[in-house]
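1. next come a sequence and a model predicted from it.
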Amino acid sequence: MKKIYVIHSKNEINMVKAFLDAQTKNPLLQVEIKEHKKNRSVAQNSLYWTWVTVISNEFGLLKEDVHYDLKKRILVYIYERDDEGYAAMIQAVRKVHTEGFKEDAQALADHIVKLTSTTNATTKQFTEYLQEIERDMQSKGIALPHPEDRYNIAMGIR
């Protein structure tokens, strides 16, 4: 059984208390309290795939290959900085590499990038990801579009 409550008010705290009080079989429970972070927004995802399409057309690549490349070059480092477990995994791959198992390390790294998902990014992380993509493309002389219906929302500009 897994229950997740996002608490916005005292009333919702009371709902959590009621849930805990209703546990009659005295189960061993683990309660974790952490700051709620919203995952990337629909506007961010839409802008991202618009940009991936532009980049893929510019370089003559498949969208999936552009997506993989951006995750590998940018998103992995954001997650590594922000997530202790993810960082430990990346460090383990680096250790395998430095111990001389370069092909194995590369295979592990490729697998990690494939499994790394943009859906796990918080809105803040995804904004940073989009900003880094835009900077990277500007350095290559590629202007990415700023659709009015998405750009300001995706970038947190009011």
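-> On my side now, so go ahead. Numbers count the residues shown, from 1 in each chain.
2. which residue packs closest to the residue nearest the centre of the chain, ignoring adjacent ones?
-> When Cα atoms, centre = their mean is applied to the chain, the residue found nearest the centroid is residue 121 (2.4 Å). Nearest non-adjacent residue to residue 121, counting by Cβ to Cβ, 6 or more residues apart in numbering: residue 40, 4.9 Å away. Placement of C-beta: from N, CA and C, glycine included.
3. and if you look at residue 134?
-> residue 144 (5.6 Å).
4. could you do residue 126 as well?
-> residue 40 (3.8 Å).
5. how many residues are close by the one you found?
-> Residue 40 has 21 neighbours, counted by other Cβ atoms under 10 Å.
6. before we move on, what's the pLDDT of it?
-> Residue 40 carries a pLDDT value of 78.
7. and what of residue 65?
-> As predicted, residue 65 sits at a pLDDT of 98.
8. so it sits against residue 55, correct?
-> No: here residue 65 does not reach residue 55: they are 9.9 Å apart, not a contact under Cβ atoms under 8 Å.
9. quick one, which of these two is more surrounded?
-> Shown here are residue 65 and residue 55; by other Cβ under 10 Å, residue 55 has more neighbours (22 against 13).
10. that older thread, residues contacting the residue nearest to residue 134?
-> Counting by Cβ atoms under 8 Å, 6 or more residues apart in numbering, residue 144 makes contact with 51, 54-55, 133-134, 137.
11. at 10 Å what do you get?
-> 47, 50-52, 54-55, 58, 130, 133-134, 136-138, 151 (Cβ atoms under 10 Å, 6 or more residues apart in numbering).
12. check the secondary structure at it for me.
-> coil (DSSP: H, G, I helix; E, B strand; the rest coil).
13. where's it relative to residue 156, distance?
-> According to Cβ to Cβ, to the nearest Å, residue 144 stands 17 Å off from residue 156.
14. ditto for residue 140
-> For residue 140, the distance to residue 156 - Cβ to Cβ - is 25 Å.
15. those two: which has the busier surroundings?
-> Neighbour count, other Cβ under 10 Å: between residue 140 and residue 156, residue 156 has more, with 14 against 10.
16. hmm, the more buried one is touching residue 127, no?
-> Yes: Residue 156 lies in contact with residue 127 (Cβ atoms under 10 Å); the separation is 5.5 Å.
17. which residues do those two both contact?
-> Joint contacts of residue 156 and residue 127 (Cβ under 10 Å, 6+ apart) are 41, 44.
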